[in-house]
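give the three-dimensional model of this entry:
(2 chains)
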Amino acid sequence: MINIEDLNTPYYKIFHLMEYNLEMLNSFEIKNPKGKGLERYLKEAAEINEKDGVSRTYIISDTKENLPVAYFTLQTGLITVSRGLFKGFDVITGVELTNFAVNDAYREARDVIPKLGAYLFITFVLPLVREISKYVGSKFLYIYALPENELMKHYATMGFQTIPSKQAKYVYRHVKPSYDKTCVFMWQPIN
Amino acid sequence: MVSDMIRVKPYKTRWCSRAVADRLRDIFAIYDKEPDRTALRQEAKEFEELIAKRRTSSEALYDKH
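Residues are numbered from 1 along each chain as shown, chains lettered A, B, ... in the order given. Predicted coordinates:
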């Protein structure tokens, strides 16, 4: 089993939420009004969900000042696949990336180089999810993405793909939470 | 492969006719598509090169003073 510190790079390091100085999170800011929920989650709900064991949140900070650069939240889940009309369904197990956000305040103040999100995803999120899948069988990493073209294109770059709308509707009917009502299911295999 | 679940879960499919099993395999095959992470790797590589360059130049500037 890896220690999450093994994922650290010369520039960024990862903390489990409860090992991070939570006061530092006050500086975390999302500028896009549609993404404000991600900021609120981090500041108001992440700790509660940690204590309840519902999900795990990880903070990525810079190595120089320990400032929060980004965060992501993981929880286990599944999706349903129809076996046909009135024939029931099968399930495929997965890990849901419930939140993934870069701190806009940090990005602006430090004149951060673009593509930070891609770098953090491949450096921290994917390796951690692969490690998790060694211990808890899980086939997919999936998200419910906000239905915005730019954002979905960004997720496609990160390796996420959509499924045909008929199958997607089936997933929505069974397992998509109401707070993700308008969001689009996207997935990628964990490998 | 996800579509192999049809094969490796016989307890769920033993009642299936070949036609039904084939249809199910087709449905599940949607999830066998490999992710294309070429762009992701490229973006991450570009980022790493730029940040390394920036870190080196800022350290050089620091040393100068």
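
residues near A:Pro189, how many?
The tally of other residues near A:Pro189 (other C-beta atoms under 10 Å in any protein chain shown) stands at 19. Placement of C-beta: from N, CA and C, glycine included.

ok, for A:Tyr18, nearest residue in space, not its chain neighbours?
Just so we're on the same page, residue A:18 is Met rather than Tyr. A:Glu50 (5.9 Å; C-beta to C-beta, 6 or more residues apart in numbering or on different chains).

again, but for B:Arg55
B:Arg55 sits nearest to A:Tyr11 (C-beta to C-beta, 6+ apart), 7.1 Å away.

and the nearest residue to A:Asn21 once chain neighbours are set aside, which of the three is it?
Closest residue to A:Asn21 apart from its sequence neighbours, by C-beta to C-beta, 6+ apart: A:Asn66 at 7.5 Å. Under DSSP: H, G, I helix; E, B strand; the rest coil, A:Asn66 falls in the coil class.

right, and A:Asn66 touches A:Glu23 too?
No - at 11.4 Å, A:Asn66 and A:Glu23 do not qualify as touching, with contact defined as C-beta atoms under 8 Å.

who does A:Val184 bridge with?
Taking DSSP bridges as the rule, A:Val184 bridges to A:Ala145.

that one: neighbouring residues, count only.
Counted with other C-beta under 10 Å, the neighbours of A:Val184 add up to 21.

and chain B, which residues reach chain A?
Within chain B, the positions near chain A by C-beta under 8 Å from any C-beta of the partner chain are B:2, B:5, B:9, B:12, B:20, B:23-24, B:27-28, B:30-31, B:33-37, B:39-41, B:43-44, B:46-48, B:50-51, B:54-55.

which among those residues count as buried?
Burial by neighbour count, 16 or more other C-beta atoms under 10 Å in any protein chain shown: within the residues of chain B next to chain A this picks out B:2, B:5, B:23-24, B:27-28, B:31, B:35, B:37, B:40, B:43-44, B:47-48, B:51.

could you pull out the helices for chain A?
A:36-40, A:46-52, A:104-109, A:116-120, A:126-135, A:149-157, A:165-175 (DSSP state H).

sorry, that was for chain B
Using DSSP H, helices in chain B cover B:5-8, B:10-13, B:18-29, B:38-64.

so what pLDDT did the residue nearest to A:Asn21 get?
pLDDT, A:Asn66: 91.

now do the one 5 residues further on
Residue-level confidence at A:Tyr71 comes out at 98, pLDDT.

now it. Nearest residue, chain neighbours left out?
Excluding the flanking residues, the one nearest A:Tyr71 by C-beta to C-beta, 6+ apart is A:Ile59, at 5.0 Å.

surely that neighbour touches A:Pro68?
Yes - counting by C-beta under 8 Å, A:Pro68 is a contact partner of A:Ile59 at 5.4 Å.
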